[in-house]
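> here is my input; please provide its structure:
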Amino acid sequence: MYFVRLVLPFFSHPQKNRSMSKTHVLIVNLGSPDDTSVPAVRRYLAEFLSDKRVVDLPRWQWWPILHGIILRTRPAKTAASYQQIWTATGSPLVVTTRKQAQLLGQRFVNDGVSVHYAMRYGNPSIGSVLNDIITDDCDHLLVFPLYPQYSRTTVETVRDKVTLELAKRSFHFSVDHIDSYYNNEGYIQAMADHIRNFQAQYEQPDKLIFSYHGIPKRYAENGDVYPQHCHETTRLLVEKLGLSPSQYLTTFQSRFGREEWLQPYTDETLKALAQKGDKIVHVLSPAFSADCLETLEELEVENRGYFEKNGGKIYRYIPALNDDERHIDVLESIIRQRLSTRNGNA
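Modelled structure (predicted):
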């Protein structure tokens, strides 16, 4: 696991008793539109796809594509996808992240630690939540992006946004960041138990597919360690589950545009498995701490279609850990470890 301390302006309060110090934890996930309307989805996609960490093309090259083509054509299709997964209480990702924050807050209620949640894109925004934290009694902020595997396109852009928003404000606390937990023992155990319980309820598959969100291959070639983290997560899970090489595959999903992304691709793999005779597959994504569009629609619906249309018989998506108690245990442990390290008690 990687921890990075971000050195930001810190102004002490000599009159404050350190025993009364207050820590705030901010968990962050990717985000979601405010609703399933086309305008809301367009606003969300505009913010997301304007991030230079997500699409690093020169702005003169990317802006005409984004504003002239993508934001004119893609929002309607994406809105229809969101409509398939939206719940009575809103976006599944936002609802689950809110629940995770509430459950974690209960774990720290006697520790002088408050837990908040924000979305990197959309609402609640990082800026609005930082406003709440700044107005409260705060000595230290721990930012925890809920991406198990580090990538510049996810974890690093959270740091960018927190730094940018804090630079606009006057604040008097130190800031730390958790970078990843792809190899955390508790996380691996919780995922392995989750898989075992799911398969005990259903059946053993011909193949277990570990599908991770993709990034352009060029990003990895330029030093993003994300694929290494993904493969290490798979290795540890396979070791814990006792799987042979013929029983599993690691794939990458959600590619966008014409550029080559990390391979093998999940959709193409599922088509090929069905065509060669595999009848039962189970698919999960260890890259997601909460179910969202990429899991509930892309993996559960779209990729099921690819497998079944090519001759596959049974396709099952294994849900994310979401607000499962074992998942909250893992997140609590990671937070406590970091705070203990900061306080010199580890």
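
> what about the helices in this protein?
Residue ranges of the helices in the chain, as given by DSSP state H, are 38-49, 59-65, 71-85, 92-107, 126-135, 157-167, 185-201, 217-221, 226-241, 266-275, 303-309, 325-342.

> how about those in a markdown table, adding distance to residue 209, mean neighbour count and mean pLDDT?
For glycine as for every other residue, the C-beta is placed from the backbone atoms N, C-alpha and C. Below are the helices of the chain laid out as a markdown table (distance: least, C-beta to C-beta, whole Å; neighbours: other C-beta atoms under 10 Å; pLDDT from 0 to 100):
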| stretch | distance to residue 209 | mean neighbour count | mean pLDDT |
| --- | --- | --- | --- |
| helix 38-49 | 26 | 18 | 98 |
| helix 59-65 | 31 | 11 | 97 |
| helix 71-85 | 20 | 16 | 97 |
| helix 92-107 | 21 | 20 | 98 |
| helix 126-135 | 33 | 16 | 96 |
| helix 157-167 | 27 | 18 | 98 |
| helix 185-201 | 11 | 17 | 98 |
| helix 217-221 | 20 | 15 | 98 |
| helix 226-241 | 10 | 19 | 98 |
| helix 266-275 | 7 | 20 | 98 |
| helix 303-309 | 9 | 18 | 98 |
| helix 325-342 | 21 | 18 | 95 |
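
> and those helices: which comes nearest residue 248?
helix 226-241 (5.9 Å; C-beta to C-beta).

> outside of that closest one, which residues touch it?
148-153, 180, 182-183, 188-189, 191-192, 195-196, 208, 210, 212, 215, 219-220, 248, 250, 252, 262, 286-287 (C-beta atoms under 8 Å, 6 or more residues apart in numbering).

> what of stretch 149-163?
For stretch 149-163, the surrounding residues in contact (C-beta under 8 Å, 6+ apart) are 2, 4, 6, 8, 26, 28, 30, 51, 53-54, 120, 126, 130, 143, 145, 147, 175, 177, 179-180, 182, 212, 215, 219, 224-226, 229-230, 233, 286-287.

> likewise for stretch 258-275?
For stretch 258-275, the external contacting residues (C-beta under 8 Å, 6+ apart) are 206-207, 209, 211-212, 214-218, 220, 227, 249-253, 255, 281, 283, 299, 302-303, 306-312, 315.

> can you select the buried ones from those residues in PyMOL?
Those of the contacts of stretch 258-275 that count as buried under 16 or more other C-beta atoms under 10 Å are selected in PyMOL with:
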select buried, resi 206+207+209+211+212+214+215+216+217+220+227+249+250+251+252+253+255+281+283+299+302+303+306+307+312+315
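
> okay, and which of the contacts of helix 226-241 map to strands?
Members of these lying in strands (criterion: DSSP state E): 208, 210, 212, 248, 250, 252.

> for the third one, list the residues it contacts.
Residue 212 sits next to 149, 230, 250-253, 262, 285-287 when contact means C-beta under 8 Å, 6+ apart.

> the helices of the chain: which one's closest to residue 291?
helix 92-107 (5.4 Å).
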